[in-house]
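> Need the 3D shape of this:
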Amino acid sequence: MKIDWAALGSVFVIALVAVAVVTGLFAVGVRGLAARTVAREGGGTGTAGLTRALVCFAVCAAVVVYGVYLIVA
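So this is what the prediction gives:
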């Protein structure tokens, strides 16, 4: 049995970067929801925060769905 260490390292690095990106996007989405709440309490609409949150959560969901697609296919 021969292990391709270069491929294993590549998969590890890509997975680590993907986790960091998805976690960061999710955090920005949560911050967008918090900004919307603050804006609504201050009398504003909070549309920018909600839009930012929805975009971030949509990208996170797309990455997860693509990962499941890669595993199943």
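> Grab the most central residue of this structure for me.
In the chain, the residue lying closest to the centroid (C-alpha atoms, centre = their mean) is residue 22, at 2.8 Å.
> What residues sit buried inside the helix or strand containing that one?
Assigned by DSSP states H and E, residue 22 belongs to helix 5-41. Buried residues in helix 5-41, defined by neighbour count with 16 or more other C-beta atoms under 10 Å: 22, 25, 28-29, 32-33, 35-36, 39. Yep, even glycine has a C-beta here, placed from its N, CA and C like the rest.
> a markdown table for these, including pLDDT?
Converted to a markdown table, the buried residues of helix 5-41 look like this (pLDDT from 0 to 100):
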| residue | pLDDT |
| --- | --- |
| 22 | 95 |
| 25 | 96 |
| 28 | 97 |
| 29 | 97 |
| 32 | 96 |
| 33 | 96 |
| 35 | 95 |
| 36 | 95 |
| 39 | 94 |
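> Closest one to residue 59 out of those, please.
Closest to residue 59 out of those is residue 25 (5.5 Å), distances taken as C-beta to C-beta.
> hang on, the closest one packs against residue 59?
Yes. Between residue 25 and residue 59 there is a contact at 5.5 Å, judged by C-beta atoms under 8 Å.
> Helix 5-41 and the host helix or strand of residue 48, what's the angle between them?
Counting by DSSP H and E, the element that carries residue 48 is helix 47-72. Per axes from the mean of the first three to the mean of the last three C-alpha atoms, to 10 degrees, the angle that helix 47-72 makes with helix 5-41 is 150 degrees.
> can you give me the mean pLDDT across helix 47-72?
If you average the pLDDT over helix 47-72, you get 95.
> This completes my enquiry, with thanks.
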